[in-house]
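Enquirer: I would like to see how this sequence folds:
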Amino acid sequence: MVPWGRSFEEYQAMFGLSEDDLNRRVLGCGPASFNAEATGRGCQITSCDPVYQFEAEEIRRRIDDVYPEIMAKLQQRADNYHWDSLGSVEQLGEVRMRAMSKFLSDFDVGIREGRYVSASLPTLPFPDSGFDLALCSHYLFLYSDHVDGPAHLASMRELCRVATEVRVFPVVSLDGKVSNHLDQIMTALSADGINVSLQPVSYRFQKGATEMLVAKSV
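Expert: Next comes the predicted model:
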């Protein structure tokens, strides 16, 4: 488990979220502050992630344990990223830690309210079309060397089962190149009758990551 949460503003940019999108039933993921901040704005957000099986203090300790290692890797690979908005590795670390602190502050309440659900792809404990929009951040396609093609397809089909629209960002792998699973996933989903497309996003951090995959049930 390597928790690395992103902010509400980053989610908006990564997924091109409009105010209309935020008024829908949304499924999110990860130790991000998106759920906490969106809930504070009156949005209807549920998040699912295997990290939610742990207690808040356990997650906090894990964040503290892996943070120096993540920062060192980012420093080594700094040329793979755009620093126009975030400025530096140190500033990025501050943004991530603020996001994860907001998540942790909200976690216990969110668990009681059912907003954080411990689950992992490719099997989710939600009804068919239980959400209007599902957001998958920095898992599918990014880790193409660790998650094979069949697992990608099963995961995408499951997301399309529980939500009428799915957005996935990024569609590049860790090397910044378009995932070698992307074409086959888009072809298979199209054959399932799902409308798939690549759409540009305004978010810029990892070089090469400029688009999201959008899958809509017809």
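
Enquirer: Burial check on residue 112, number of neighbours?
Expert: Neighbour count for residue 112, taken as other Cβ atoms under 10 Å: 9. Yep, even glycine has a C-beta here, placed from its N, CA and C like the rest.

Enquirer: For residue 49, see how far away it is.
Expert: Separation of residue 112 from residue 49 (Cβ to Cβ, to the nearest Å) stands at 17 Å.

Enquirer: and the longest helix for the protein?
Expert: Criterion DSSP state H: the longest helix present in the chain is helix 89-112.

Enquirer: any idea what sits nearest residue 174, other than its immediate chain neighbours?
Expert: Using Cβ to Cβ, 6 or more residues apart in numbering and skipping residues adjacent in sequence, the residue nearest residue 174 is residue 142, 6.2 Å away.

Enquirer: tell me the pLDDT at the one you found?
Expert: Reported pLDDT at residue 142 in the predicted model: 96.

Enquirer: so it sits in a strand?
Expert: No: Residue 142 sits outside any strand when classified using DSSP: H, G, I helix; E, B strand; the rest coil, being coil.

Enquirer: Now for it, how many residues are close by?
Expert: Other residues lying near residue 142 total 21 when counted by other Cβ under 10 Å.

Enquirer: Please apply the same query to residue 51.
Expert: Burial of residue 51 is recorded as 22 neighbouring residues (other Cβ under 10 Å).

Enquirer: Look up how far residue 139 lies from it.
Expert: Distance from residue 51 to residue 139, counting by Cβ to Cβ: 12 Å.

Enquirer: Equivalent analysis for residue 195, please.
Expert: When distances are taken as Cβ to Cβ, residue 195 and residue 139 turn out to be 22 Å apart.

Enquirer: go on, residue 98?
Expert: With the distance defined as Cβ to Cβ, residue 98 ends up 22 Å from residue 139.

Enquirer: Could you measure from residue 39 over to residue 109?
Expert: Using Cβ to Cβ, residue 39 is found at 9 Å from residue 109.

Enquirer: and what of residue 172?
Expert: Relative to residue 109, and taking Cβ to Cβ, residue 172 is found at 35 Å.

Enquirer: Now residue 37. Nearest residue, chain neighbours left out?
Expert: Skipping the residues right next to it in sequence, residue 37 comes nearest to residue 8 by Cβ to Cβ, 6+ apart, at 3.8 Å.
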